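A.B. asks: how does the following fold in three dimensions:
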Amino acid sequence: MTNDVQAAGSPPRRPAVEAAARFGIGVAGSVVLGALAGLLWGEVAPRALLQQGRAGEVAIVNAETRAFIGADAWFCGIAVVAGLLTGVLGYRFLIARRDSGTRAVATAGLILGAAAGALVMMWVGGLIGLAGYDHALATSPPGTMFESSLSLGAKSALAFWPLLTSILILVAEWSARRDAAPRQPLEPPLAAE
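C.D. replies: Now for the predicted structure:
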């Protein structure tokens, strides 16, 4: 009987649980997408060609290589696509048609998840080929050529994913509120007498 009284007197926990679940889904989904994006980046991004010098020393074969810029450009492109996915799908399935508290929490989850996803993407992509690079660096005789490990040179590229996610959510929210606003009927023009 006391449980019935407490349940009737206390606010329902359902909205808080739903908001927390949507926050978790936003973060977890973005992190998983970040791991997949990192695998893709690790496979498609160009790498600089290196030549083994003395033990543990390497030199870039072509000093004018565009591999580092290309790797950063691939990261940015993949991050933009990931930001589009989390912004559009996240808004559609986690934010749209929810109460304001749940919307705010789900939005925070998507934006924080996008930032975490970008970091995971950089980390996973950097791991691909790292063991081979380390092995070649440690065991290759002088003159051996091999590819460099992958790294993100422009750390500012990490902002692409959360920034695009935020912009898409903002635009979708603005559009939804604009469509939901009551419209004033147009007044008929005054007839001349």
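
A.B. asks: list the contacts of the residue nearest to the spatial centre of the chain.
C.D. replies: Taking Cα atoms, centre = their mean, the centroid of the chain lies closest to Ala114, which sits 3.4 Å from it. Residues near Ala114 by Cβ atoms under 8 Å, 6 or more residues apart in numbering: 30, 82-83, 86, 161-162, 164-166. Just so you know, the C-beta spots here come from the backbone N, C-alpha and C atoms, and that holds for glycine as well.

A.B. asks: next one: Ser148
C.D. replies: 47-50, 58, 60, 67, 133.

A.B. asks: buried subset of the contacts of Ala114, written for ChimeraX?
C.D. replies: Buried residues among the contacts of Ala114 (16 or more other Cβ atoms under 10 Å), as a ChimeraX selection:
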select :30,82,83,86,161,162,164,165,166
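
A.B. asks: which of the contacts of Ala114 fall within strands?
C.D. replies: Per DSSP state E, strands hold no members of those.

A.B. asks: nearest to Ala37 among the contacts of Ala114?
C.D. replies: Closest approach between the contacts of Ala114 and Ala37, by Cβ to Cβ: Ala82, at 5.1 Å.

A.B. asks: hang on, that closest one packs against Ala116?
C.D. replies: No. With contact defined as Cβ atoms under 8 Å, Ala82 does not reach Ala116; the gap is 11.6 Å.

A.B. asks: tell me the phi and psi of the nearest residue to Gly26 once chain neighbours are set aside?
C.D. replies: Leaving aside its chain neighbours, Gly26 sits nearest to Gly109 (3.1 Å; criterion: Cβ to Cβ, 6 or more residues apart in numbering). Dihedral pair for Gly109: phi -60, psi -40, per degrees, to the nearest 10.

A.B. asks: can you pull the contacts of Gly109?
C.D. replies: By Cβ under 8 Å, 6+ apart, the contact set of Gly109 is 22-27, 94.

A.B. asks: now the common contact residues for Ala82 and Ala116.
C.D. replies: Common neighbours of Ala82 and Ala116 (Cβ under 8 Å, 6+ apart) are 30, 34.

A.B. asks: next, count neighbours for Met145.
C.D. replies: 12 (other Cβ atoms under 10 Å).

A.B. asks: OK, contacts around it?
C.D. replies: Counting by Cβ under 8 Å, 6+ apart, Met145 has contacts 49-52, 61.
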